[in-house]
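[1] Curious how this folds, go ahead:
(chains A, B, C and D)
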Number of protein chains: 2
Amino acid sequence: MSKNAANLAALRINNPPATLREIALDRMRRAIISGLFEPGERLVERTLCDQLGVSRSVIREVIRHLEAEGLVEMLAKQGPIVARLDWNDARQIYDIRAALESRAVADCARLADAQVKTRLKKALDDLDRTSRQNSPPGILDATTEFYRIIFEASGHNIAWDIVSRLNSRISRLRVMTLSTASRTVSGPAQIREIFAFIDKNDPEAAAAACRQHVTAAARIAETLLGPTE
Amino acid sequence: MSKNAANLAALRINNPPATLREIALDRMRRAIISGLFEPGERLVERTLCDQLGVSRSVIREVIRHLEAEGLVEMLAKQGPIVARLDWNDARQIYDIRAALESRAVADCARLADAQVKTRLKKALDDLDRTSRQNSPPGILDATTEFYRIIFEASGHNIAWDIVSRLNSRISRLRVMTLSTASRTVSGPAQIREIFAFIDKNDPEAAAAACRQHVTAAARIAETLLGPTE
DNA sequence: AGTCGTATGTTGGTATACCATACGACAGCG
DNA sequence: CGCTGTCGTATGGTATACCAACATACGACT
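    Coordinates of the predicted model:
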């Protein structure tokens, strides 16, 4: 019967909702995260219409969404700009990440079964590979995937939403910190340590390793962004 | 010079930005939080246009914003509905709150000066008053103000954004837990305890009291919402 | 050289139209 | 009587045109 239910569930056709708006949202978000639009740059609605090939309605709704996500700021009577990031904000973001990620990691270490560990191992291997190739975007993807699995396995989906959103706000910073970290020894070593403690189902140690990893990233970010921006 | 800057800042005329959209956003948010629109209820765009007296564009942009805030869900091919909340989500939200609020409280206890303490004391008095009057919305406002001061004083403005957003998602739950808590003894006593430790500038104890307060609220919420909804 | 008006560009806001889809009612058929 | 197919309506998704308010830059005038 359970098998039957699974089959029936597999039957379900789920169209990619893929409304124009969601595509545009995704493109815009990527454009901002990747730095194609620079922080502080004005986002002129009608220009974006041309660039994305959609109407103003769509653009405006997308901007509303990005505004709520914190990627876009509204200047009164001047319209939207790409959100700027100062060290004070970045510092807080790393602090929140340390809190949420370490909790997720701890719960993951409590709950992780063989399947989760296998998936984490695979993400770790990807990280090693991209790290050896010194490919910052690849490192970032692999690291993100590693944490995605952790949050999913620990059932912290809301925290994952928050962390994802925060990460997109410090995306440029992350690319730089990760490539810096990979050049120094620390890079994947810290992630591997987190994995090791999850593998041993040791929540406390895993959480501590995670906190250490995030604060290390924050320290690198601080030298890059500087407390006096 | 710092005084000069403060004076200059005070000079600034800040128009209530009060674009129609922001007014509509505020109204809609309140309507959802207050329960005027029930969870799962469909939000028909053209109906909302009539009810708020604005055009569809405005409504749609507001819905985008609320969607990003997590107050509204989009059903594919069926349009927006008021977000539903199950215990699994609520549990996570309380967990995240415990993490972020306790950190803010600890930092507040580290940094609090006389002025902050005075403001906190005032919020606490408001809480006592509304609590004696057994006015759940008043209690909620006073509690919110208490925490707002804490986050502001500790410089955790990003965490405050997150917590505010999370709180609006569990607003109905909060009203119920707070009124329940006020009926039992625990109500303002726990908040008072947090204040006491901040007053003594004891970060660890304040954070512990805060965690206790949130988990107590979560326990009440659990009995109300039930893990099997 | 400095000041003032104006022209232009941009946003906020609104109305309207069109299309695709989902859903329900209704009619026709077995 | 029940099933099925068709059609109309409600709704969301998208595009477009228009207007008012405002900011900024530029140029003319004093």
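[2] Quick check: the gap between the residue of chain A found nearest DNA strand D and A:I63.
    Proximity to DNA strand D, evaluated over chain A using Cβ to the nearest atom of the strand, is greatest for A:L20 at 2.5 Å. For every residue, glycine as well, the C-beta is placed using N, CA and C. A:L20 sits 15 Å away from A:I63 when distances are taken as Cβ to Cβ, to the nearest Å.
[3] More neighbours: those two, which one.
    Set A:L20 next to A:I63 and count neighbours by other Cβ atoms under 10 Å in any protein chain shown: A:I63 wins out with 24 against 14.
[4] Identify the residues contacting the more buried one.
    Listed by Cβ atoms under 8 Å, 6 or more residues apart in numbering or on different chains, the contact set of A:I63 reads A:M28, A:L43, A:E45, A:V72, A:P80.
[5] out of these, which one sits closest to DNA strand C?
    Of the contacts of A:I63, the one sitting nearest to DNA strand C (Cβ to the nearest atom of the strand) turns out to be A:E45, at 3.8 Å.
[6] how much does the helix of greatest length in chain A deviate in direction from helix B:87-111?
    Longest among the helix segments of chain A by residue count, using DSSP state H, is helix A:87-111. Relative orientation of helix A:87-111 versus helix B:87-111 (axes from the mean of the first three to the mean of the last three Cα atoms, to 10 degrees): 130 degrees.
[7] Enumerate the positions of helix A:87-111 that are buried.
    A:87, A:89-109 (16 or more other Cβ atoms under 10 Å in any protein chain shown).
[8] A:T177 and A:A153, how far apart?
    25 Å.
[9] need the residues of chain A near chain B, please.
    Chain A comes close to chain B at residues A:15, A:17, A:57, A:60-62, A:64-65, A:67-70, A:76, A:88-89, A:92-93, A:95-96, A:99-100, A:103, A:155-159, A:161-162, A:166, as judged by Cβ under 8 Å from any Cβ of the partner chain.
[10] filter these down to the ones near DNA strand D?
    By Cβ under 7 Å from any atom of the strand, the members of the residues of chain A next to chain B lying near DNA strand D are A:S57.
[11] A:D95 and B:R103 touch, don't they?
    Yes. Under the criterion of Cβ atoms under 8 Å, A:D95 makes contact with B:R103 at 7.1 Å.
[12] All the helices of chain A, in order from the start?
    Going by DSSP H, chain A shows helices at A:2-11, A:20-33, A:45-52, A:56-69, A:87-111, A:114-132, A:136-153, A:157-169, A:171-183, A:186-199, A:203-225.
[13] Show me the one of the ones you listed that comes nearest B:T118.
    Within the helices of chain A, the stretch nearest B:T118 is helix A:87-111; the backing value is 25.0 Å (Cβ to Cβ).
[14] any idea how far the closest one is from the chain center?
    Using Cα atoms, centre = their mean, to the nearest Å, the mean C-alpha position of helix A:87-111 is found 12 Å from that of the whole chain.
[15] Equivalent analysis for stretch A:125-138, please.
    For stretch A:125-138, the distance to the chain centre is 16 Å (Cα atoms, centre = their mean).
[16] Count the neighbours of the closest residue to A:N88 other than its chain neighbours for me.
    Nearest residue to A:N88, sequence neighbours excluded (Cβ to Cβ, 6 or more residues apart in numbering or on different chains): B:G155, at 7.4 Å. If you count neighbours by other Cβ under 10 Å, B:G155 ends up with 16.
[17] Equivalent analysis for A:F197, please.
    21.
[18] which ones are touching the nearest residue to it once chain neighbours are set aside?
    Nearest residue to A:F197, sequence neighbours excluded (Cβ to Cβ, 6+ apart): A:A206, at 3.6 Å. Going by Cβ under 8 Å, 6+ apart, A:A206 touches A:V105, A:A106, A:C108, A:A109, A:I194, A:F197, A:I198.
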